[in-house]
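Colleague: Here is the input, now give the coordinates:
(4 chains)
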Protein chains: 2
Amino acid sequence: MPIEALRTYFQGKLPLTEAQLSELERLFTPRHLARHEVLIRQGEASRYGAFVVRGCLRSFVTDDRQKEHILQFAPENWWISDQHSLVRHEPALFSIDALEDSEVLLFSGELYTYFQKFGPEFQTLFYQLLQNSLVAMQRRLIGVLSEPAEVRYQDFLHLYPTLAQRLPLRHVAAYLGITPESLSRIRGELARR
Amino acid sequence: MPIEALRTYFQGKLPLTEAQLSELERLFTPRHLARHEVLIRQGEASRYGAFVVRGCLRSFVTDDRQKEHILQFAPENWWISDQHSLVRHEPALFSIDALEDSEVLLFSGELYTYFQKFGPEFQTLFYQLLQNSLVAMQRRLIGVLSEPAEVRYQDFLHLYPTLAQRLPLRHVAAYLGITPESLSRIRGELARR
DNA sequence: CGTGGAGTTGAATACGATCAACACCGGTGG
DNA sequence: CCACCGGTGTTGATCGTATTCAACTCCACG
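Modeller: Purely as a prediction, here's the structure:
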């Protein structure tokens, strides 16, 4: 059962009672996403966020020249959502789709109102998750501002050792903020040493 | 009194009782920061975050080539801190200093534990502030990845109309992720039309 | 006055983008 | 079984944006 993954996830982090866990489960809807299936479309109000049980999702924006820029990859046990849109019912800033056939658990904006019912520790956990996202985003911004693409690529390999094998290189390039051609050259250069 | 600014700030957002407000105030320490005074030094555990009453602070990193990259400006009524470092007592990822003579209210990592005492609305407020930071950071990353410097500069002018006048241009350049020379050329080009 | 930081301007350079051609591979259908 | 195809990645030539390094102006401030 996909929902089991959620129990496992929370058990490692919070001492929730069985009653709390099963109440929590009611807030999630299991769903299969086929490769390329779109969960949230940039510009539309987003109805769901997802906890990834299996597979891999990404959040990305498409700019005016039709180029895609990836904000986040979400492999197993990661959360992904456009929180701003989800909570405030405003148009989503980015799209979310599946890069592989995936099993996810969908949650709605109400999850955030349930924060309070589950006690402060639960709220704190989600606060920390949000903090982690912010730190990750800050690090990436710093990287883009201060490091050349080759260093950013190596940092990526170090941070997500498995993703680089799993994903088409063009997605990695879209994450790093360079073209697939440039990434190819960087890889060639690195292999040559 | 600088602390009054905090009351004003919260009164617009939360229905706190007088007792709560005065308890809240005990968690803040007024302090004057001279121009160029450093509040948090990259690499050291940070002891404080700040709410800016008057003046302007910035958070920034210094890379291996001694170039500064600005993550955030914090003028009046903004919060600024290295939350990750503050809460977990780990080395700060960036420095924070004053760009002008400033009045700030310092708070320690304990503020986050007090979240719970002040009720869920209070927690939710800070959750939303964190969300806003994340969205801002996401927007900046997208901008750096997809927009040329000229567009990013115009976006900056639009988003922070007053800051561009208040601050030396080299800081604006460090925020945009370009050199002062490049910013100067962009401005020259824009003025010529 | 004169000194140093801030901003501008110029010339040479570097890094990545763009456009185009091509190799490779897995699947599909004749 | 093979021919064809689309998607993926590589490689080459050229171009553009921003960097680097240097010189110079303009003030604010001692």
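Colleague: Show me what the helix or strand encompassing A:Glu4 is packed against.
Modeller: Assessed by DSSP states H and E, A:Glu4 sits inside helix A:2-11. On a contact count with 3 or more CB pairs under 8 Å, 6 or more residues apart in numbering or on different chains; DSSP states H and E, helix A:2-11 meets helix A:18-25, strand A:28-33, strand A:49-54, strand A:102-107. Placement of C-beta: from N, CA and C, glycine included.
Colleague: Make a markdown table out of these and add distance to B:Arg58, mean neighbour count and mean pLDDT.
Modeller: Below are the helices and strands packed on helix A:2-11 laid out as a markdown table (distance: least, CB to CB, whole Å; neighbours: other CB atoms under 10 Å in any protein chain shown; pLDDT from 0 to 100):
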| stretch | distance to B:Arg58 | mean neighbour count | mean pLDDT |
| --- | --- | --- | --- |
| helix A:18-25 | 41 | 14 | 86 |
| strand A:28-33 | 41 | 17 | 94 |
| strand A:49-54 | 32 | 22 | 96 |
| strand A:102-107 | 36 | 22 | 96 |
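Colleague: Kindly reformat these as a markdown table containing distance to A:Ser182.
Modeller: Converted to a markdown table, those look like this (distance: least, CB to CB, whole Å):
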| stretch | distance to A:Ser182 |
| --- | --- |
| helix A:18-25 | 44 |
| strand A:28-33 | 30 |
| strand A:49-54 | 29 |
| strand A:102-107 | 29 |
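Colleague: which one of the ones you listed lies closest to chain B?
Modeller: strand A:49-54 (12.7 Å; CB to the nearest CB).
Colleague: before we move on, the earlier item: and the angle from the helix holding A:Glu4 to strand A:28-33?
Modeller: 120 degrees (axes from the mean of the first three to the mean of the last three CA atoms, to 10 degrees).
Colleague: and helix A:2-11 with strand A:102-107, angle?
Modeller: Relative orientation of helix A:2-11 versus strand A:102-107 (the same axes, to 10 degrees): 70 degrees.
Colleague: And the helices and strands packed on helix A:2-11: which comes nearest B:Asn77?
Modeller: With CB to CB as the measure, strand A:49-54 is the member of the helices and strands packed on helix A:2-11 nearest B:Asn77 (30.1 Å).
Colleague: Touching whichever helix or strand comes after that closest one from outside, list them.
Modeller: The helix or strand immediately downstream of strand A:49-54 is strand A:57-62, counting by DSSP H and E. Here strand A:57-62 makes contact (CB atoms under 8 Å, 6 or more residues apart in numbering or on different chains) with A:33, A:39-40, A:42, A:50, A:68-74, A:80, A:82, A:93-99, A:102, A:104, A:171, A:174, B:142, B:146.
Colleague: again, 6 Å this time
Modeller: A:68-74, A:80, A:94-96, A:98-99, B:142 (CB atoms under 6 Å, 6 or more residues apart in numbering or on different chains).
Colleague: Let me see the mean pLDDT of the helix of greatest length in chain A.
Modeller: Longest helix in chain A, counting residues (DSSP state H): helix A:120-146. Regarding helix A:120-146, the rounded mean pLDDT is 92.
Colleague: got it, and stretch A:80-96?
Modeller: On average, stretch A:80-96 scores 93.
Colleague: tell me the angle the helix holding A:Glu4 makes with strand A:49-54.
Modeller: 100 degrees.
Colleague: Could I get the buried residue list for helix A:2-11?
Modeller: Residues of helix A:2-11 classed as buried by neighbour count (16 or more other CB atoms under 10 Å in any protein chain shown): A:2-3, A:5-7, A:9-10.
Colleague: what does the average pLDDT come to for that helix?
Modeller: pLDDT averaged over helix A:2-11 gives 86.
Colleague: Figure out how far it is from the centre of its chain.
Modeller: Computed by CA atoms, centre = their mean, to the nearest Å, the chain-centroid distance of helix A:2-11 equals 17 Å.
Colleague: What of stretch A:21-35?
Modeller: With CA atoms, centre = their mean, you get 16 Å for stretch A:21-35.
Colleague: same thing with stretch A:8-27?
Modeller: 21 Å.
Colleague: before we move on, what about stretch A:130-145?
Modeller: 13 Å.
Colleague: list the buried ones in it?
Modeller: Across stretch A:130-145, burial judged by 16+ other CB under 10 Å covers A:130-131, A:133-135, A:137-138, A:140-145.
Colleague: re the thing from before, distance to A:Lys117 for the buried residues of helix A:2-11 - can I get that in TSV?
Modeller: Formatted as TSV, the buried residues of helix A:2-11 follow (distance: CB to CB, whole Å):
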residue	distance to A:Lys117
A:Pro2	23
A:Ile3	19
A:Ala5	22
A:Leu6	17
A:Arg7	18
A:Tyr9	19
A:Phe10	15
